[in-house]
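[1] Structure, please.
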Amino acid sequence: MAVEIPPLVKPSRLRSRGGLFGECLAEFLGVLVIISFGCGAVAMTVAALPGSGRTAGPTTFFLGAGDWLLIAWGWALAVTFGVYVAGGVSGAHLNPAVTLAFAVRRGFPWLKVVPYMASQVAGAFAGAALVYAVYHDAINTFDRAMTGPKTNGHTLATFSIFGTFPAPYFQGSTWGPLVDQIVGTAFLVMFVVAIVDLRNTAVKANLGPLVIGFAVAAIGMSYGANAGYAINPARDFGPRLFTWLAGWQDLALPGTLAGAFSDYFWIPIVGPLVGGVIGVVVYDLFIGDVLHVRSQLGELPESGRTRPEGGPPEEE
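    Alright, predicted model coming up:
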């Protein structure tokens, strides 16, 4: 905005927000936005639309790919606006996997890693609490109408609004979901570093957050069904911690459903942290190092064209 906006807090009290504390506040709010709209989209699909009479029955959802697209685009837009909210202050990591990857390969200060991650988890917890405050009537109505296994009156379906779990075809195995989370997050971080890399075809005109949202949509539509594509430890653990406190008990922590999966909570934490580092390393190995060498040599050949080293330029 062109007009000067006066601060809400007295200037004498603002100095502490100019550094790490302010960055942590931005990370908190950015992740809160992501969870509020991402989990909100799942709440719409699972509980609110069926309960409002807009589907074939009070427990009818996921009749086709359209429901999954609602969720995929909901998370994509959630990430987009989360990045727009926080980007100018903290760089909008909004994901411990991104924070760790940037510390490993992008010079992000290690001193800031734990505060950033703690702020991200806290923002995710608060976002989940907000979604529950808005949708608890729909959630409770759905759980009462649903038949089948319940944990303290809650179902796996309503837990899926907040946390992730593996598909039944993994038969309780750890390796399938873990590999899924590593691969999905590796792609996410690879896309993020490519989008913001000014040496590459970086996105211009402040459209980076939108394209990052497209990346999240692509991952959700390509890899989402295996394990709910958490691809972000804070996105899963913050809401998981909230749902544990709110009554989902073992479904949330340690992440156990008898006969289906057990002690699942660590997979959406470890998998993304490993995958994020792999993603940035792979990008640098295949792309970043090439861009670095070209910048050192002062040569920027036209993409897709080659000529013998030391030879004459191609004739036009």
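[2] low pLDDT regions in this structure?
    Low-confidence segments of the chain (pLDDT under 70): 1-2, 11-16, 54, 56, 64, 299-316.
[3] let's go with 80 and repeat that
    The chain contains residues with pLDDT under 80 at 1-4, 6-18, 53-66, 299-316.
[4] Tell me which residue lies nearest the centroid of it.
    The chain has residue 232 as the residue nearest its centroid, 4.7 Å off, counting by CA atoms, centre = their mean.
[5] leaving aside the residues next to it on the chain, what's closest to that one?
    residue 95 (4.3 Å; CB to CB, 6 or more residues apart in numbering). Yep, even glycine has a C-beta here, placed from its N, CA and C like the rest.
[6] rewinding a little: surely the residue nearest to the centre of the chain and residue 272 touch.
    Yes. Using CB atoms under 8 Å, residue 232 is in contact with residue 272, at 5.9 Å.
[7] who touches both of these two?
    Common contacts of residue 232 and residue 272 (CB atoms under 8 Å, 6 or more residues apart in numbering): 95-97, 185.
[8] Was I right to think the residue nearest to residue 232 contacts residue 230?
    No. Taking contacts as CB under 8 Å, residue 95 lies outside contact range of residue 230: 10.0 Å.
[9] Of those two, give the one with the bigger neighbour count.
    Neighbours of residue 95 and residue 230, each counted by other CB atoms under 10 Å, are more numerous for residue 95; the result is 32 against 28.
[10] what sits against the more buried one?
    Here residue 95 is in contact with 120, 188, 231-235, 272, 276 (criterion: CB under 8 Å, 6+ apart).
[11] which pair in those residues spans the largest distance?
    Spanning the widest gap among the contacts of residue 95 are 120 and 188, at 14.5 Å by CB to CB.
[12] So between these two, which is more surrounded?
    residue 120 (31 against 28).
[13] Check which helix or strand that one maps to.
    Assigned by DSSP states H and E, residue 120 belongs to helix 113-145.
[14] Point out the other helices and strands that that helix packs with.
    If you count contacts as 3 or more CB pairs under 8 Å, 6 or more residues apart in numbering; DSSP states H and E, helix 113-145 packs onto helix 20-43, helix 49-51, helix 96-105, helix 156-159, helix 233-243.
[15] Which positions within it qualify as buried?
    113, 116-117, 119-132, 135, 138-139, 141-143 (16 or more other CB atoms under 10 Å).
[16] Please apply the same query to stretch 166-181.
    In terms of neighbour count (16+ other CB under 10 Å), stretch 166-181 has its buried residues at 166, 170, 176-178, 180-181.
[17] Please apply the same query to stretch 98-114.
    Neighbour-count burial for stretch 98-114, counted by 16+ other CB under 10 Å, picks out 98-106, 108, 112-113.
[18] Need the max-distance pair from the residues you listed.
    So, the buried residues of stretch 98-114 by CB to CB: farthest apart are 105 and 112, at 15.2 Å.
[19] From residue 231, how far out is residue 169?
    20 Å (CB to CB, to the nearest Å).
[20] go on, residue 146?
    Distance from residue 146 to residue 231, counting by CB to CB: 28 Å.
[21] For these two, work out which one has more neighbours and name it.
    residue 231 (34 against 18).
[22] CA atoms only: put stretch 90-97 into CSV for me.
    What follows is stretch 90-97, C-alpha atoms only, in CSV (Å, rounded to 0.1, in the frame of the first residue of the first chain):
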residue,chain,number,x,y,z
SER,A,90,10.9,-14.9,7.5
GLY,A,91,11.3,-16.2,4.0
ALA,A,92,8.3,-18.4,4.6
HIS,A,93,9.9,-21.7,5.2
LEU,A,94,6.7,-22.9,6.9
ASN,A,95,8.0,-26.4,7.0
PRO,A,96,10.8,-27.9,9.2
ALA,A,97,12.0,-29.9,6.1
